[in-house]
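Undergrad: predicted model and sequence follow; I will ask about them next.
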Amino acid sequence: MSKPPVESSGAVAFGLLVALLLWESAAPFMAFFRGRLRERLGHDAINLCLGGINALFNATAAAALWMWTARVVSGASFGLLHWLELSRATEFVLAVLLLDLWMYWWHRLCHRIPMLWRFHRVHHSDPRMDVSTAYRFHFGEMAASAVVRVPVIAVMGLGLEHILLFEVMMFAVVQIQHANIGLPPTLDRVLRRLIVTPFMHKIHHSDLVAETDSNYCSLFSWWDRVFGTYRERADLAGIRFGLAEFQSAGEQKFAALILNPFAGSGSKNSVVKSVPKRNAPPPNENKI
Ligand SMILES: [Zn+2]
C-alpha cells in the first residue's frame, strides 16, 4: 500500500477553512457576529480546539486502526471490493458511495439512540453555526465513529486510500455546508441535487426537532431523498440554530462542551418541550 497523502488532505481542509472564514467575514448569511469580532474569535477558537483533538486522534489512533483492518481484510481477500474485482476507478467510486451511505445511517443512529445523541448534541448545540462548527464534534463521537467503522471497512473490503479520498471529499463539503454563507438560490438548488449545500444543512441545525431530524446526508444529498428524510423550508433566515437547553454562554465554554454528554437527559424530546411551539412543515413540503 502506498503512503497515504495525509499531509495533502490536511492542507486541502486548512485552505478551505481559511477561504470560508474570509467569505464569512465579507458576506455572512446570519449577522450574529456583526461588530462582535472578539466573540467570533472565542467561538471559533473553542470549536477549532475540539477539532484539533479530533484531527490528532483521526491521524493517529483511528488511521492506525483502519489501516490494520484494511491490511487484514486485504490479506484474506475479504470484502465486497475484493470479491467484485472492479477496475481501480470503479473501486474508488463504489467505496466513496458506500462510505457515504454508511455515514448517512450512522448520523441517523446518532440522532436516534440517546447515548449517541448525548455526544452528537455537542455539534448541534452551537447557536451560531459557521465553518468552525464543522470541527465541533465531541471526541467521544469521533472515537465511537472510528470503532464502528471497522466492520464496515471489513465487509466492504476497503483500503486506507479509499477512506482517505472519502474523508477529503466529505470534509470539504461538510465545511462548506456549515459555513455562515449563502449561495445564490439557483446555484444552491442545482448543487443540492448532488451534494449537501449550506441551504440544506442549515435546516438540520434548526432548534425544531422535526427539522433537526432531517437532512442527515454528509456528502451526497440523495440518501435523504431515497430514505424520506429530505426537507426544505422557505424562511431560511428565520432558522434558530442550536438546542434550547444549551443556549447560555456558560454552556458554550470548552469545558462545558467536553462535559455536555454527561449532563441532563439524553432525550431530544425534553428539548422540544422547552421550545415555544412553532409550526414545522412535514418533510418534502414548504419547498422554495
Ligand atoms: Zn446531526
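TA: Noted; the coordinates are in hand.

Undergrad: list the buried ones in the strand or helix carrying Leu94?
TA: Using DSSP states H and E, Leu94 sits within helix 88-112. For helix 88-112, burial by neighbour count (16 or more other C-beta atoms under 10 Å) applies to 91-92, 94-96, 98-104, 106-108, 110-111. In short, each C-beta sits where N, CA and C put it, glycine included.

Undergrad: with stretch 208-227 instead?
TA: Neighbour-count burial for stretch 208-227, with 16+ other C-beta under 10 Å as criterion, is recorded at 208-224.

Undergrad: pull the residues that contact stretch 148-168.
TA: 1-2, 4-6, 9, 12-13, 58, 63, 65-67, 69-70, 72-74, 78-83, 91-92, 95-96, 98-100, 102, 106, 219 (C-beta atoms under 8 Å, 6 or more residues apart in numbering).

Undergrad: now that stretch: mean pLDDT?
TA: For stretch 148-168, the mean pLDDT works out to 94.

Undergrad: for stretch 13-20, same thing?
TA: 96.

Undergrad: all strands for this protein, in order.
TA: Assigned strands in the chain: none (criterion: DSSP state E).

Undergrad: so where is it shaky, pLDDT-wise?
TA: For the chain, the stretches flagged by pLDDT under 70 are 1-6, 268-288.

Undergrad: would you map the helices across it?
TA: With helices called from DSSP state H, the chain shows them at 6-26, 37-57, 63-75, 80-84, 88-112, 114-124, 139-156, 160-178, 185-191, 198-204, 209-212, 222-226, 254-259, 269-273.

Undergrad: turn those helices into a markdown table, columns for distance to Arg240.
TA: Below are the helices of the chain laid out as a markdown table (distance: least, C-beta to C-beta, whole Å):
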| stretch | distance to Arg240 |
| --- | --- |
| helix 6-26 | 19 |
| helix 37-57 | 16 |
| helix 63-75 | 37 |
| helix 80-84 | 42 |
| helix 88-112 | 18 |
| helix 114-124 | 12 |
| helix 139-156 | 23 |
| helix 160-178 | 16 |
| helix 185-191 | 20 |
| helix 198-204 | 11 |
| helix 209-212 | 10 |
| helix 222-226 | 21 |
| helix 254-259 | 19 |
| helix 269-273 | 12 |
